[in-house]
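> here you go, sequence then predicted model.
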Amino acid sequence: MRTLPFYIGGFLGPFGGGVVAVLVPQLRDAFDATTAGVAATIPAYLIPFAVLQLVSGTIGERLGRRRVVRTAYFAYALLSLAAAFVPSLGGFLVIRALQGCANAFLTPLLLAGLADLVSARQLGRAVGTFAAVQTAAVALAPLGGGLLGAFDWRLVFLVQSAVAVALALMPPADPEKRDEAPRLRAVLTRRVGLLSGAAFTAYAGVTGIGFLVAVEAADAFSVGSIMRGVLLAGFGVAGMLLGRAAGDAVDRFGRVPVSLVGIAISSALVVTMGIAPSPLALGAIWFAVGLGSALVWAGINVLAVEAVPGNRAGGTSVVSAFKFAGNAVAPLMWLPLYHADPRLGFLGAGILAATAALFIAPLRVAR
């Protein structure tokens, strides 16, 4: 039970980032805006969220995890409340950007706090579960947003506000006192650089292609919006089912081997999605990709929290910044290829995902 608030907090950020995608029609009517204008709220959240994580972990370690996380939760709650009642699209865009900034101070500090809370023998299991929860949030955001939005789109933000207030009452503990304050330059290492490259390519090539799967389901098989949400949710469900087992595998077989196996499975399956013969096959493959992804992130996240012992949240936040940057740029990378030929979009994503192995392989550590 001590770890539950960490997992809920890990779910909240990615869910808040992706939930707007399914609310575009309602928001378009509410603000009397264009589809493009409302769609801009997605990068408005993700870009500050990704960029600020380059420094947010180190700032949080210096100022104190407990204080920073509690403040960030309260800020996120107030911003979510404001998002539910803001009268214009311009104001909504500003609020979304500020929400991304607030969440940048949550994800890496929660992961670092979780790593400090559990024993070394259970680190893989705990971090693997955290990774699965975040993956599930990305995949389940359209489904959750769609269900709440069917009643009123404002409920999406009011629920997030209530959850953030509750989590603010359960912040992570501060680490033991150090001889010197954590420094940003401590994270500027080859190891963090390799992990950042792996995080970017794996997210852009695997987790971040959910939109492409949705487009393929609609264009090739005329799947409706509700069933598209169910199909996309399969990825997150797979991650949830395998997350803890993937973490156990990391503890038993090692961080790097498990990550490499996951990369091989995920990248190969992504390529085949462009030639799926039916919506059932497409959903089954996407579910299997989610299983492979759980292995990838169980290994990468453990490597990240161990990369900079003196500034655990700082190293984690830099890797996380590149991870969500991959999510943000995925549409820009794959949509042009998809429009030329749907098979090319998935082929490009699969090839990029496979390159994550080039970043992970040099990081061999003792079993």
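Sure thing, it's come through. Remember, predicted model here, so these are calculated numbers, not experimental data.

> residue 304 and residue 195 touch, don't they?
Yes. At 5.5 Å, residue 304 counts as touching residue 195 under the criterion of C-beta atoms under 8 Å. C-beta: built from backbone N, CA, C; applies to glycine.

> overlap in contacts, these two.
residue 319 (C-beta atoms under 8 Å, 6 or more residues apart in numbering).

> looking at the two, which one has more neighbours?
residue 304 (31 against 27; other C-beta atoms under 10 Å).

> which helix or strand contains that one?
Secondary structure assignment for residue 304, by DSSP states H and E: helix 279-307.

> now do residue 77
Going by DSSP H and E, residue 77 is part of helix 65-85.

> cool, residue 314 as well?
Residue 314 belongs to helix 312-340, assigned by DSSP H and E.

> and that helix, which residues are buried?
312-331, 333-334, 337-338 (16 or more other C-beta atoms under 10 Å).

> pLDDT on the next helix or strand after it, on average?
Using DSSP H and E, the helix or strand that follows helix 312-340 towards the C-terminus is helix 342-360. Mean per-residue pLDDT for helix 342-360: 96.

> contact partners of helix 342-360?
Here helix 342-360 makes contact (C-beta under 8 Å, 6+ apart) with 194-195, 197-198, 201-202, 204-206, 209, 212, 216, 219-220, 256, 259-260, 263-264, 266-275, 296, 299-300, 303, 330, 333-335, 337-339.

> for stretch 216-232, same thing?
By C-beta under 8 Å, 6+ apart, stretch 216-232 touches 22, 139, 142-143, 146, 210, 213-214, 273-274, 276, 278-279, 282-283, 286, 338, 342, 346.

> what do you get for stretch 42-54?
So stretch 42-54 is contacted by 13, 16-18, 20-21, 93, 96-101, 103-105, 107-108, 317-318, 320-325, 327-328 (C-beta under 8 Å, 6+ apart).

> go again with 6 Å.
Applying C-beta atoms under 6 Å, 6 or more residues apart in numbering, the external contacts of stretch 42-54 come out as 17, 20, 93, 96-97, 99-101, 103-104, 317-318, 320-321, 324-325, 328.

> how about stretch 91-110?
The contact list for stretch 91-110 (C-beta under 6 Å, 6+ apart) reads 6, 9-10, 13, 41, 44-45, 48-49, 52-53, 56-57, 60, 65, 68-69, 72, 75-76, 79, 82-83, 86, 313, 316-317, 320.

> just the buried ones among the residues you listed, please.
6, 9-10, 13, 41, 44-45, 48-49, 52-53, 56-57, 60, 65, 68-69, 72, 75-76, 79, 82-83, 86, 313, 316-317, 320.

> next one: the helix holding residue 304 to chain centre, how far?
In terms of C-alpha atoms, centre = their mean, to the nearest Å, the centre of helix 279-307 is found 12 Å from the chain centre.

> which helices and strands does that helix pack with?
Secondary-structure packing of helix 279-307 (3 or more C-beta pairs under 6 Å, 6 or more residues apart in numbering; DSSP states H and E): helix 123-149, helix 190-205, helix 210-221, helix 225-253, helix 255-272, helix 312-340.

> low-confidence ranges, the stretch 151-300 of the chain, go.
Across the stretch 151-300 of the chain, the ranges flagged by pLDDT under 70 are 176-181.

> assign a three-state SS to residue 277, would you?
Reducing the assignment at residue 277 to three states with DSSP: H, G, I helix; E, B strand; the rest coil gives coil.

> from residue 238, how far off is it?
Distance, residue 277 to residue 238, by C-beta to C-beta, to the nearest Å: 21 Å.

> one more: residue 58?
Relative to residue 238, residue 58 is positioned 34 Å away (C-beta to C-beta).

> please apply the same query to residue 247.
Per C-beta to C-beta, residue 247 is found 15 Å from residue 238.

> higher neighbour count, the two?
Taking neighbours as other C-beta under 10 Å, residue 247 and residue 238 compare with residue 247 leading, 29 against 23.

> was I right to think the more buried one contacts residue 299?
No. Using C-beta atoms under 6 Å, residue 247 makes no contact with residue 299, being 9.3 Å away.

> residues in contact with stretch 204-212?
Residues from elsewhere that reach stretch 204-212 (C-beta under 6 Å, 6+ apart): 138, 232, 266, 293, 326-327, 330-331, 334, 345, 349, 352-353.

> mind checking how far that stretch is from the chain centre?
When distances are taken as C-alpha atoms, centre = their mean, stretch 204-212 is centred 11 Å away from the chain's centroid.

> got the end-to-end distance for it?
Distance across stretch 204-212, first residue to last, is 11 Å (C-alpha to C-alpha, to the nearest Å).

> change the start of the numbering to 34 and stick with it
Will do, 34 is the new start, and the previous item becomes stretch 237-245.

> which SS state does residue 35 fall under?
Secondary structure state of residue 35, per three-state DSSP, is coil.

> leaving out chain neighbours, which residue sits closest to it?
residue 150 (6.4 Å; C-beta to C-beta, 6 or more residues apart in numbering).

> distance-wise, check that neighbour relative to residue 89.
20 Å.

> and residue 360, by the same measure?
Distance of residue 360 to residue 89, computed by C-beta to C-beta: 17 Å.

> and if you look at residue 107?
Going from residue 107 to residue 89 by C-beta to C-beta gives 16 Å.
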